[in-house]
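Undergrad: With the sequence up front, the predicted model follows.
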Amino acid sequence: MNKAVNNRSFNFSAGPAAIPTEVLQRAQAELLNWNQQGCSVMELGHRTPQFQALLDQTEADLRQLLKVPEHYKVLFLHGSASHQFAMVPMNFLAPNDSANYLEQAHWSKKAIKEAQAFGTIHVQTAFEQTDAGLGIVSESNWQLDDSAKYLHFTSNETIVGVQFSQEPQQFRGKLVCDMCSDILSRPIDIEQYALIYAGAQKNIGPSGMTLVIVREDLFEQMQTQRVPSLYQYPLMAKHGSLYNTPPSFGIYLAGLVFQWLLEQGGVEAMEKRNQQKAQMLYDFIDSSDFYHSPVAADSRSLMNVAFTLRQPELDPMFLEQAKAAGLTALKGHRDFGGMRASLYNAMPIEGVKKLIDFMKGFEANL
């Protein structure tokens, strides 16, 4: 991802995000003639043995990366994580059932709004502002509905950059997680979850596909009689993600990313690399009087580093000069402002070093 070599910027976008250059180069080489089929994957019939083999290998590689147990189903679905905001309660909740939701920020609020149409939703505020910055409310202070079917939370909140360092201890085995922005960035204990979902466009591949990992024994309890076919987890699992035409190109790109991750040493190696990248940037920010992190140190995200400039009126100049230096998509979310550097798996250490050097120079040259 070196601009001088590949004419590519260091892309800090929160999503759709950077895809490893090696993956894009391989996809480019295979675009017109995938696997000697005389056509691209996008043109290949999804009922063919060749596509089934691709799908099977993609799932097998994911299972290896995350150590997904056999009694969990892996689904490759159309759409975004926002579709799952409705699909989860549609499947899990009968009209008189309840669920716990942690209210964290922008995306969790959207999930709560969707879920309220399908059952009783108990909302627990999970973020608090302290002298140390924005952080996660201690789990000992949560008040949850013990009779609820599940506890929904977002493992990494992208807008301000707040991340859970471990799974909640309550509702273990019945956790439902929006893991869009940190899946495959670190090992996770799948057994703690009833369901995990993740839109592809941050650490998996291109937008338009969503990954779902769901415990198979829960299918018997799901409310599928009132759920449209394409929104039923059991039906999609029964057909191996092929009930209808799947997001074939997204599955193909995800498969290439999974292979790339295995070549890098898996999620264990990525976790070490991601910790190194984030620590470098946070250490620099904390050492500066010109830049500031709004997040408490014990709640900081390894994936999305949000920061502000001491003089906000300099934001446009900072972004313009950063882009000229080959550092793109650093503008913060509209609800937060400031800056945001997303350090997903595809971002190399060299990109973070170049960002830090630019930030030092920008401050020094004022």
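TA: Great, that's in hand. Numbers count the residues shown, from 1 in each chain.
Undergrad: From here on, just use CA atoms for contacts and neighbour counts.
TA: OK.
Undergrad: Could you report the neighbour count for the residue nearest to D178 when sequence neighbours are not counted?
TA: Leaving aside its chain neighbours, D178 sits nearest to T154 (4.7 Å; criterion: Cα to Cα, 6 or more residues apart in numbering). By the measure other Cα atoms under 10 Å, the count of residues near T154 is 26.
Undergrad: All the helices of the stretch 151-300 of the chain, residue numbers only.
TA: Secondary structure of the stretch 151-300 of the chain, counting by DSSP state H, counting those that start in this stretch: helices at 233-238, 248-264, 266-287.
Undergrad: Quickly compare the ones you listed and say which is most buried.
TA: helix 248-264 (a mean of 21; mean count of other Cα atoms under 10 Å).
Undergrad: now that one against helix 266-287, angle please.
TA: 80 degrees (axes from the mean of the first three to the mean of the last three Cα atoms, to 10 degrees).
Undergrad: For helix 248-264, name the packing helices and strands.
TA: Other helices and strands packing on helix 248-264, by 3 or more Cα pairs under 8 Å, 6 or more residues apart in numbering; DSSP states H and E, are helix 21-30, helix 49-66, helix 266-287.
Undergrad: so who does the closest residue in space to I349 that isn't next to it in sequence touch?
TA: Take I349 and drop its neighbours on the chain: the residue closest to it by Cα to Cα, 6+ apart is K277, 5.9 Å away. Taking Cα atoms under 8 Å, 6 or more residues apart in numbering, we find K277 in contact with L302, L343, I349, V352.
Undergrad: Distance check, the third one against T21.
TA: Put plainly, it is I349. Separation of I349 from T21 (Cα to Cα, to the nearest Å): 14 Å.
Undergrad: quick one on the thing from earlier: I'd say the residue nearest to D178 and M179 touch.
TA: Yes: using Cα atoms under 8 Å, T154 is in contact with M179, at 6.2 Å.
Undergrad: so can I have TSV of the helices and strands packed on helix 248-264 showing mean pLDDT and distance to A117?
TA: Below are these laid out as TSV (pLDDT from 0 to 100; distance: least, Cα to Cα, whole Å):
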stretch	mean pLDDT	distance to A117
helix 21-30	96	40
helix 49-66	97	33
helix 266-287	98	36
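Undergrad: can you pull the pLDDT of L309?
TA: Per-residue pLDDT puts L309 at 97.
Undergrad: Now the phi/psi pair for it, please.
TA: phi -100, psi 150 (degrees, to the nearest 10).
Undergrad: okay, now it: neighbour count?
TA: So L309, with other Cα under 10 Å, has 18 neighbours.
Undergrad: Would you pull up how far stretch 267-286 lies from the middle of the chain?
TA: Mean C-alpha position of stretch 267-286 versus that of the full chain (Cα atoms, centre = their mean, to the nearest Å) differs by 17 Å.
Undergrad: And the helix or strand harbouring L355, what's buried?
TA: With elements taken from DSSP states H and E, the one containing L355 is helix 349-364. By neighbour count on 16 or more other Cα atoms under 10 Å, the buried set for helix 349-364 is I349, G351, V352, L355, I356, F358, M359, K360.
Undergrad: could you say what helices and strands it packs with?
TA: Counting by 3+ Cα pairs under 8 Å, 6+ apart, helix 349-364 packs on helix 266-287.
Undergrad: swap the cut-off to 6 Å and go again
TA: With contacts defined as 3 or more Cα pairs under 6 Å, 6 or more residues apart in numbering; DSSP states H and E, helix 349-364 has no helix or strand neighbours.
Undergrad: and the angle from it to helix 266-287?
TA: Going by the same axes, to 10 degrees, helix 349-364 makes 10 degrees with helix 266-287.
Undergrad: domains for the protein, by residue range?
TA: 3-20+266-364, 26-263 (automatic domain parsing).
Undergrad: Out of the helices and strands packed on helix 248-264, the one nearest S229 is which?
TA: helix 49-66 (21.3 Å; Cα to Cα).
Undergrad: C-alpha coordinates for that closest one, CSV please?
TA: Provided in CSV are the C-alpha atoms of helix 49-66 (Å, rounded to 0.1, in the frame of the first residue of the first chain):
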residue,chain,number,x,y,z
PRO,A,49,-19.8,-27.2,-8.6
GLN,A,50,-17.0,-24.6,-9.0
PHE,A,51,-18.9,-21.9,-7.1
GLN,A,52,-19.9,-24.4,-4.4
ALA,A,53,-16.2,-25.4,-4.0
LEU,A,54,-15.4,-21.7,-3.6
LEU,A,55,-18.1,-21.1,-1.0
ASP,A,56,-17.0,-24.2,0.9
GLN,A,57,-13.4,-23.1,1.0
THR,A,58,-14.3,-19.6,2.0
GLU,A,59,-16.3,-20.9,5.0
ALA,A,60,-13.6,-23.4,5.9
ASP,A,61,-11.0,-20.6,6.0
LEU,A,62,-13.2,-18.4,8.2
ARG,A,63,-13.8,-21.3,10.6
GLN,A,64,-10.1,-21.8,10.8
LEU,A,65,-9.4,-18.2,11.5
LEU,A,66,-12.0,-17.7,14.2
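Undergrad: What helices and strands are in contact with that helix?
TA: Secondary elements touching helix 49-66 (3+ Cα pairs under 6 Å, 6+ apart): none.
Undergrad: let's see 10 Å
TA: Applying 3 or more Cα pairs under 10 Å, 6 or more residues apart in numbering; DSSP states H and E, we find helix 49-66 packed against strand 72-78, helix 248-264, helix 266-287.
Undergrad: quick one: which of those is nearest K323?
TA: Of the helices and strands packed on helix 49-66, nearest to K323 by Cα to Cα is helix 266-287, at 18.2 Å.
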